[in-house]
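**Student:** Provided below are the primary sequence and the corresponding predicted coordinates.
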Amino acid sequence: MISKTQNNLLSQMQALESLAKSQQLQPEIKTDQGPNFGELMQQAINQVNETQMQASSLTQAFELGENVDLSQVMIAVNKSRVSFEALTQVRNKLLSAYQDVMNMSV
């Protein structure tokens, strides 16, 4: 025969068990106020696109004989190339890290 104290203890343990199970099923979601990684990557891509568009427009203006120095065109083209290469390297590193994570055994 089970006493009242044992019944109370058993019911408390069952309540704690059900509480623990419900908390395990609902993970906490942390919300930071800063931008997420996807937004940062999108901003970087947009900046690279802007430098490429600027270099293209300066090149076209120089070819049409407008008042644009060759040095401005060369600087813009090189800046565009370097930013694109940097973005490509970041993409390659991200893909490599993703593949490493996916190849990890659980």
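**Tutor:** Good, I have the coordinates. Here the structure is a predicted model, which is why all the values come from computation and not from measurement.
**Student:** list of residues touching stretch 54-67?
**Tutor:** Outside stretch 54-67, the residues that touch it by C-beta atoms under 8 Å, 6 or more residues apart in numbering are 68, 70, 72-73, 76-77, 79-80. Quick note: C-beta positions are derived from backbone N, CA and C, even for glycine.
**Student:** give me the buried entries from those.
**Tutor:** 68, 73, 76-77, 80 (16 or more other C-beta atoms under 10 Å).
**Student:** tell me how far the most centrally placed residue in the chain lies from residue 12.
**Tutor:** The centre of the chain sits closest to residue 37, judged by C-alpha atoms, centre = their mean, with a distance of 2.2 Å. Going from residue 37 to residue 12 by C-beta to C-beta, to the nearest Å gives 44 Å.
**Student:** check which helices and strands the longest helix seen in the chain sits against.
**Tutor:** Of all segments of type helix in the chain, defined using DSSP state H, the longest is helix 70-102. Helix 70-102 sits against helix 37-63, with contacts defined as 3 or more C-beta pairs under 8 Å, 6 or more residues apart in numbering; DSSP states H and E.
**Student:** average pLDDT across the helix it packs on?
**Tutor:** In this model, helix 37-63 carries a mean pLDDT of 93.
**Student:** give me the angle between it and helix 70-102.
**Tutor:** 150 degrees (axes from the mean of the first three to the mean of the last three C-alpha atoms, to 10 degrees).
**Student:** start the count at 530, not 1, going forward
**Tutor:** Noted, 530 is the first residue going forward, which turns the last one into helix 566-592.
**Student:** what are the buried residues along helix 566-592?
**Tutor:** Buried residues in helix 566-592 (16+ other C-beta under 10 Å): 577, 580-581, 584, 587-588, 591.
**Student:** which one of these sits closest to residue 623?
**Tutor:** Closest approach to residue 623 among the buried residues of helix 566-592 (C-beta to C-beta): residue 577, at 14.9 Å.
**Student:** and the gap between the closest one and residue 605?
**Tutor:** Counting by C-beta to C-beta, the gap from residue 577 to residue 605 is 13 Å.
**Student:** cool, residue 571 as well?
**Tutor:** According to C-beta to C-beta, residue 571 and residue 605 sit 23 Å apart.
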